[in-house]
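Enquirer: coords below, sequence missing:
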């Protein structure tokens, strides 16, 4: 079962999965778009298809790739966004594709068994959106990372690993925005 808890006022440290040096500290109200801006390389996004994609789905998933500025170790993170509603094109563009101001970001910790991750809440015109940021994970999958992004998204690559990771908790993740909308979670 997924539980949520507030982030300590001093923040939560996000370390490199290779050298364990501090990459970023996330606090309850920022930094805005922390994982996108500070951890992952632009344009290195891999969409993940769990089911046939239709615009009426209130979710979006991707893998983002990055490299540690200290040890140059490659890593990846999984981003899963969920809204309990039917997003229109504007909501998809601003909140899923990050093309515009998403407003205030409220961060908290998601926990399931021994796993922890950052969950960010945004208010959208169709209800609250939860953005789950899992990782960073060491990129030891043997996939090819080129200067311009991902060259191989096949079996055993980051997309495949992310798909299996998310499917193990899909129903719980998908139900969280409805619980948040009713005020039963952070």
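Expert: Happy to help now that I have it. Quick caveat, the model's predicted, so the values are computed rather than measured.
Enquirer: C-alpha from now on. contacts and neighbour counts both.
Expert: Fine.
Enquirer: which other residues reach the top strand by length along the chain?
Expert: With secondary structure taken from DSSP state E, the chain has its longest strand at strand 127-138. Strand 127-138 is contacted from outside by 14-18, 35, 73-85, 116-123, 176-177, 180-181, using C-alpha atoms under 8 Å, 6 or more residues apart in numbering.
Enquirer: change it to 6 Å
Expert: Outside of strand 127-138, the residues within contact range by C-alpha atoms under 6 Å, 6 or more residues apart in numbering are 17, 75-83, 117-122.
Enquirer: okay, now the sheet partners of it, with direction.
Expert: Under the criterion DSSP bridges, strand 127-138 sits next to strand 74-83 (antiparallel), strand 115-124 (antiparallel) in its sheet.
Enquirer: quick one: the strands in the protein?
Expert: Counting by DSSP E, the chain has these strands, from start to end: 3-6, 12-15, 22-26, 45-47, 59-67, 74-83, 106-112, 115-124, 127-138, 145-146, 149-150.
Enquirer: for those, which one sits closest to residue 94?
Expert: When the strands of the chain are compared for distance to residue 94 using C-alpha to C-alpha, the nearest one is strand 115-124, at 9.2 Å.
Enquirer: quick one, that closest one and strand 106-112 angle?
Expert: Relative orientation of strand 115-124 with respect to strand 106-112: 140 degrees, computed using axes from the mean of the first three to the mean of the last three C-alpha atoms, to 10 degrees.
Enquirer: okay if I get the strands of the chain as a markdown table plus mean neighbour count, mean pLDDT and distance to residue 93?
Expert: What follows is the strands of the chain, written out as a markdown table (neighbours: other C-alpha atoms under 10 Å; pLDDT from 0 to 100; distance: least, C-alpha to C-alpha, whole Å):
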| stretch | mean neighbour count | mean pLDDT | distance to residue 93 |
| --- | --- | --- | --- |
| strand 3-6 | 14 | 87 | 27 |
| strand 12-15 | 17 | 88 | 27 |
| strand 22-26 | 17 | 87 | 25 |
| strand 45-47 | 17 | 52 | 15 |
| strand 59-67 | 23 | 82 | 11 |
| strand 74-83 | 24 | 87 | 13 |
| strand 106-112 | 20 | 88 | 20 |
| strand 115-124 | 19 | 90 | 12 |
| strand 127-138 | 22 | 89 | 13 |
| strand 145-146 | 13 | 46 | 27 |
| strand 149-150 | 18 | 46 | 22 |
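Enquirer: since that was my last question, I'll sign off now.
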